[in-house]
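1. When you get a sec, could you give me coordinates for this:
(chains A and B)
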Amino acid sequence: MSSMRKSLAFLLPLAVFLAIAVFLFKGLWLDPREIPSPLIDKPAPDFRLESLEKPGRLVDRKDMLGKVWLLNAWASWCVACREEHPVLIEFARSATIPIIGLNYKDTRVDGMRWLAQFGNPYTTSAYDEAGRVGIDYGVYAVPETFLIDKQGVVRFKQIGPVTPELLREKILPLIQRLNA
Amino acid sequence: MENFAHGVCFRGAALRAATRAVTASLLLALAMTAAMLVPVAAKEAPEVGADPAAERHMMQLASELRCLQCQNQTLADSNAPLAVDLRQQIRELLAKGQTDEQVKSYLVARYGDFVLYRPPLKSNTLVLWFGPALVLLVGLAALFLTLKRRLARLESMASKTQLSEAESQRAQHLLEDEAEEGGLS
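-> Numbers count the residues shown, from 1 in each chain, chains lettered A, B, ... in the order given. The predicted structure is shown next:
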């Protein structure tokens, strides 16, 4: 009996230690910047903004109903967007679905220069100068990308650059499923 | 000798020149810091709303909300562009007559519970809320059981060392004998 108690006195702290170690170890790979979006499986917030390229022409979320589409928040001042840009260009070339840009807290001049310099993967870009639509979409760090289905429901959100792996493994299969 | 004196003299002059340069640059730095403080303070001013009471209310609410861009600061503390925008948004919502709860749920709908510094009581936050109390209870139970066990052990030890009547008489004799022997020698 005492040997059992002794081994318990040894094993119990060990078990507690292991449990804590597992959680802390897992925590090393968790990114506190990746906040789960409450928008997933909720209707994408409405917006009606002037387009970046043609002032006066409106980009309306409702026009996208019936299509699966990507909303990509970007800005000319955003370094990570530059890293992401070639991936979007490549994606647009094999265009399965439209990409709408959300030009977030930028100036028209800088935004247009950026598109001229690096290429324009967007069907059009909505010009969100004040960042209000960004707030409605819970954007807090550009680039952010939303996949929105035919009913206008947000199905997926990526915080940070879209990578070729993410496109291949997550976004494209999801598009296929949503288009089916 | 002259060379040496010359060398020393030169070094002295260099030292003096260096001291002058350091003093001058310190003064310059001081002047620049002072100059920088003024425009910064002036730039902050327009952000404050017209009504001080409403502004206090907004800041008090913002101090319970997390800045998404700089996650260890509240919206009230942070000067990140998004925090400035969100403070403006809160200011406008409050001016429209929304309650604190409505403003909070506006932000939660966009950024999730993460914006709240006081997490709500939900099924997935039960461990967060009651975990520490549970750990404390387990600790207290363990302490209680250990103390009880130790007390029982001490008592059983005490009862074992209790001498019977005969034993204590014998011990008495032995002690007395020893005392007599001691007295003889």
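
2. interface residues of chain A facing chain B?
-> Contacts of chain A with chain B, taken as C-beta under 8 Å from any C-beta of the partner chain, map to A:32-33, A:35-39, A:105, A:130-131, A:135-138, A:140-141. Backbone N, C-alpha and C define where each C-beta goes, glycine included.

3. Closest residue of chain A to chain B?
-> A:Y140 (3.6 Å; C-beta to the nearest C-beta).

4. In the residues of chain A next to chain B, find the pair that's most separated.
-> Using C-beta to C-beta, the residues of chain A next to chain B reach their maximum pairwise distance at A:P32 and A:A130, which is 27.6 Å.

5. Which one of those two is surrounded by more residues?
-> Under the criterion of other C-beta atoms under 10 Å in any protein chain shown, the comparison of A:P32 against A:A130 puts A:A130 first, with 13 against 9.

6. Return the residues in contact with that one.
-> Contacts for A:A130 (C-beta atoms under 8 Å, 6 or more residues apart in numbering or on different chains) come out as A:105, B:85.

7. Quickly find the element holding it.
-> Using DSSP states H and E, A:A130 sits within no helix or strand.

8. And the pLDDT at it?
-> As predicted, A:A130 sits at a pLDDT of 90.

9. cool, and B:R87?
-> pLDDT, B:R87: 92.

10. contacting residues for it?
-> B:47, B:58, B:62, B:75-76.

11. distance of the closest residue to chain A within chain B from A:S94?
-> Per C-beta to the nearest C-beta, B:L68 is where chain B lies closest to chain A, at 3.6 Å. Noted for B:L68: a distance of 33 Å to A:S94, by C-beta to C-beta, to the nearest Å.

12. Same check on A:T107?
-> A:T107 is 31 Å from A:S94, by C-beta to C-beta.

13. quick one, which of these two is more surrounded?
-> For the pair A:T107 and A:S94, the greater number of neighbours falls to A:T107 (14 against 8), based on other C-beta under 10 Å.

14. which ones are touching the more buried one?
-> A:76, A:129.

15. and it, what pLDDT?
-> 94.

16. With A:K6 instead?
-> With respect to pLDDT, A:K6 has a value of 79.

17. Flag every buried residue along the helix or strand hosting it.
-> For A:K6, the host element (DSSP H and E) is helix A:2-27. For helix A:2-27, the neighbour count (16 or more other C-beta atoms under 10 Å in any protein chain shown) marks no residue as buried.
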